[in-house]
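Peer 1: make a model of this:
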Amino acid sequence: MPTVKAAVRASDARAWRGVRMRRRALWGVAGIAGILAVVALFLFGPNTNAPREHVSNVPADVPETLVKAPLSDEARHVAVRFVQTAVARKNLDEAWELVGPKLRGGLSRSEWLTGNNPVVPYPINELEVAPYKIDESYTKSALLEVALLPRKGSEVRAQIFFLELIKVGTGTKAHWVVDNWVPRASVVLPR
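Peer 2: Reported below is the predicted structural model:
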């Protein structure tokens, strides 16, 4: 039979176990409350990084609407002369007048005339024919694909270029210039 001392010890152990359980439950509830407080602060707290609203009085830049038009004879002539001069690296003085600001690449006229310019060259002495296809044509811009096809037996490869024309100036001073000349594909395949 259990003694009184043993019975007191057993009841004390149960009491302590109950106190321990209550204390653990209290810490658990406090921990959950702390987590919920942090979550609530993130969700409902003030946003200190909110961007300032700034409304400008400057009107928005509205892009110019493009009006389709057939490629003009003047634009066609500029494209042909560009290939004959700038691409061939011949008569670079005339070529300077045929290129636009993007293709000049910030070069001065004297730097351009050295032949070290951004136009991708092609030896037109080896050229058989240079057909072109009009991809887009508008009143103030055009995009052509120019195929430079060498003579049979030539050591030069055929190449296709994109040629972009834009109309610069206003009124009687308006004229066409070549503003971009890039190879359609720049992958070099071994022979």
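Peer 1: could you chop the chain up by domain?
Peer 2: Residue ranges for the domains of the chain, per automatic domain parsing: 1-44, 73-183.
Peer 1: which stretch in those domains has the least confidence?
Peer 2: Mean pLDDT values for those show the minimum at domain 1-44, a mean of 75.
Peer 1: which of the domains of the chain sits closest to R52?
Peer 2: domain 1-44 (21.8 Å; C-beta to C-beta). For glycine as for every other residue, the C-beta is placed from the backbone atoms N, C-alpha and C.
Peer 1: residue boundaries of the helices in the chain?
Peer 2: Applying DSSP state H to the chain gives helices spanning 4-44, 73-82, 92-98, 101-104, 109-113.
Peer 1: between the domains of the chain, which gets nearest to A60?
Peer 2: domain 73-183 (20.7 Å).
Peer 1: gap between the two ends of the closest one?
Peer 2: End-to-end distance of domain 73-183 (C-alpha to C-alpha, to the nearest Å): 24 Å.
Peer 1: same check, this time on stretch 44-51
Peer 2: So stretch 44-51: terminal residues 17 Å apart, C-alpha to C-alpha.
Peer 1: now distance to N57 too, for the helices of the chain, in TSV please.
Peer 2: Formatted as TSV, these follow (distance: least, C-beta to C-beta, whole Å):
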stretch	distance to N57
helix 4-44	35
helix 73-82	39
helix 92-98	41
helix 101-104	30
helix 109-113	40
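Peer 1: the ones you listed: which one's closest to P131?
Peer 2: Using C-beta to C-beta, the nearest of these to P131 is helix 73-82, at 11.8 Å.
Peer 1: got a list of contacts for that closest one?
Peer 2: 94-95, 98-99, 132, 142, 144, 146, 163, 165, 167, 175-178, 181 (C-beta atoms under 8 Å, 6 or more residues apart in numbering).
Peer 1: relative to N91, how far out is the closest residue to G105 other than its chain neighbours?
Peer 2: Nearest non-adjacent residue to G105, counting by C-beta to C-beta, 6 or more residues apart in numbering: P118, 4.4 Å away. Separation of P118 from N91 (C-beta to C-beta, to the nearest Å): 17 Å.
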